[in-house]
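1. My questions concern the predicted model and sequence given below.
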2 protein chains.
Amino acid sequence: MTTIERARSGRGRIDKRTAILDAAVKVFSQEGYAQANIDAIASLAGVAKPTVYNHFHDKETLFRTVMRDSADRSTARIIAAFATLPDDGADLAGELERVGHLMVECQLSEEGWALQRLLYAEAARLPDLYDEVVARGGIPALNVLAGRLAGLANRGHLEIDDPAVAAGQFMALVAGNLPALSALGTRPVSPDDLADAVRDGVRTFLRAFAAPARRRSSRRPRES
Amino acid sequence: MTTIERARSGRGRIDKRTAILDAAVKVFSQEGYAQANIDAIASLAGVAKPTVYNHFHDKETLFRTVMRDSADRSTARIIAAFATLPDDGADLAGELERVGHLMVECQLSEEGWALQRLLYAEAARLPDLYDEVVARGGIPALNVLAGRLAGLANRGHLEIDDPAVAAGQFMALVAGNLPALSALGTRPVSPDDLADAVRDGVRTFLRAFAAPARRRSSRRPRES
DNA sequence: GTTATTTTGAACTCATACGTTCAAATTGGC
DNA sequence: GCCAATTTGAACGTATGAGTTCAAAATAAC
């Protein structure tokens, strides 16, 4: 089943499989699940229709595979971006903006939007697929960011009660405007608007969570 | 065409039309556009199929009407909620939480999620519909909230540079966790989780935008 | 009651598209 | 060169569903 298994088994032609997946992600994201045409996918992949059914039992299996792969790619990108956030707190605003940019660019990518739109579209029909994508994507990414923020808080650069909450709020603040800006990914976003949105989000995040400059309290409870 | 026109023209049976729309919103939101079946809508509305085509020229027209009506209802609810935000700044945190609750409940409603999922699903295919819904829904609602926040800022209860940005960030902070919490509207949200999310959002919003207690920025001294 | 309009049921047309079948061609391993 | 697995093309069966047609029935206006 897995890419690796097939590659080792020898006989299966791995390139056909990936060609089908590449074509499928394009067609699904342009047309949506129901409107996507298997013949179109086969033709775009340069493959005969029975070959598609040879690799993927039916349309739903193909769709699920596409969504899983897409989620894995996006997650890897976002986690890599978060991992570059330094712990030392130097130029915190600049670093948060940089990471915020990487994050939104991942979501703004063709594939990021496609994944999100398809998830929304099919969540009601395939709730387990939604759960799986969240488990593979959103949750790990959020955990990584929460860990970085917790590190910054421990070193006194941020004042954070709950790192997971703060991580979610960072994402909401920085990326919350993206759907409106890009019309759900159907229109290009001007780099200036994007930079403004990220900057505003980071500024508000820091207004809420930046540790007071004078005090270098590692942990200062605000109220009981 | 409009409800009112039809009601005055007399001959058209207005109740059939609304019954069709009610049925259509249910079927569309459960099945999605492509999977939605006109026969099912007609049957659920207690109406013959040609009657559907008598009121709405084709499936897409019916869909667009459903989306517009749904957007109008949601917008009216949210704007009504925002309008109850008092200007005087008394119990600001409590009031923001109350309004935040009204806002997320609107989005959490069956219809709110249906609208959002269908928008995401069909945005690529019907970009103009997306624009129309945003123009009727998101933008007016955001403007009303921005106006309220600006009022609070003028009276010295908030410290806000750009009310529109702050309004968008309020929505992002308070509602940003909803998709994950409710699995895009496919699962019920526990009232406790919901209250936590709203409280966390409002707390962060106030940490970023609350006017410092000592300084009386503009007009009104803080009464305490 | 008369009349114009709407509604209804049922059957029909037509297009789309999933998934299958199968014999022939191709491929890769040995 | 031989064999086993895969691929291919093209046709097919089948299902689904949008939108139409039409004559009969129901309805509202006058």
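-> Structure received.

2. Tell me which residues touch A:Asp72, please.
-> The neighbourhood of A:Asp72, defined by Cβ atoms under 8 Å, 6 or more residues apart in numbering or on different chains, consists of A:136-137. For the C-beta atoms, the positions are set from N, CA and C on the backbone; glycine is no exception.

3. For A:Pro140, see how far away it is.
-> 10 Å (Cβ to Cβ, to the nearest Å).

4. now A:Glu97
-> A:Glu97 sits 23 Å away from A:Pro140, going by Cβ to Cβ.

5. just A:Asp39 next, same as before
-> Per Cβ to Cβ, A:Asp39 is found 36 Å from A:Pro140.

6. Now do the same contact list for the residue minimising distance to the centre of chain A.
-> By Cα atoms, centre = their mean, chain A has its centre lying nearest to A:Ser74, at 4.4 Å. Counting by Cβ under 8 Å, 6+ apart, A:Ser74 touches A:106-107, A:109, A:111-112, A:115, A:137.

7. Run the angle between the helix or strand hosting A:Ala164 and helix B:163-175 for me.
-> Using DSSP states H and E, A:Ala164 sits within helix A:163-175. With axes from the mean of the first three to the mean of the last three Cα atoms, to 10 degrees applied, the angle from helix A:163-175 to helix B:163-175 works out at 140 degrees.

8. Other residues contacting helix A:163-175?
-> By Cβ under 8 Å, 6+ apart, the surrounding residues in contact with helix A:163-175 are A:96, A:100, A:103-104, A:107, A:142-143, A:145-147, A:149-150, A:153, A:158, A:160, A:197-198, A:201-202, A:204-205, A:208-209, B:169, B:172-173, B:176-177, B:180, B:200-201, B:204.

9. are any of the residues you listed buried, and which?
-> A:96, A:100, A:103-104, A:107, A:142, A:145-147, A:149-150, A:153, A:158, A:160, A:197-198, A:201-202, A:204-205, A:208-209, B:169, B:172-173, B:176-177, B:200-201, B:204 (16 or more other Cβ atoms under 10 Å in any protein chain shown).

10. out of these, which are inside helices?
-> A:96, A:100, A:103-104, A:107, A:142, A:145-147, A:149-150, A:153, A:197-198, A:201-202, A:204-205, A:208-209, B:169, B:172-173, B:200-201, B:204 (DSSP state H).

11. Let me know the distance separating the closest residue in space to A:Val52 that isn't next to it in sequence from A:Ser182.
-> Counting by Cβ to Cβ, 6 or more residues apart in numbering or on different chains, A:Ala42 is the residue found nearest to A:Val52 once chain neighbours are left out, at 5.0 Å. Per Cβ to Cβ, A:Ala42 is found 31 Å from A:Ser182.

12. By residue count, what's the longest helix in chain A?
-> Every helix in chain A considered (DSSP H), the longest is helix A:59-83.

13. Any buried residues in that helix, and which?
-> For helix A:59-83, a neighbour-count test (16+ other Cβ under 10 Å) marks A:59, A:62-67, A:69-71, A:73-75, A:77-79, A:81-82 as buried.
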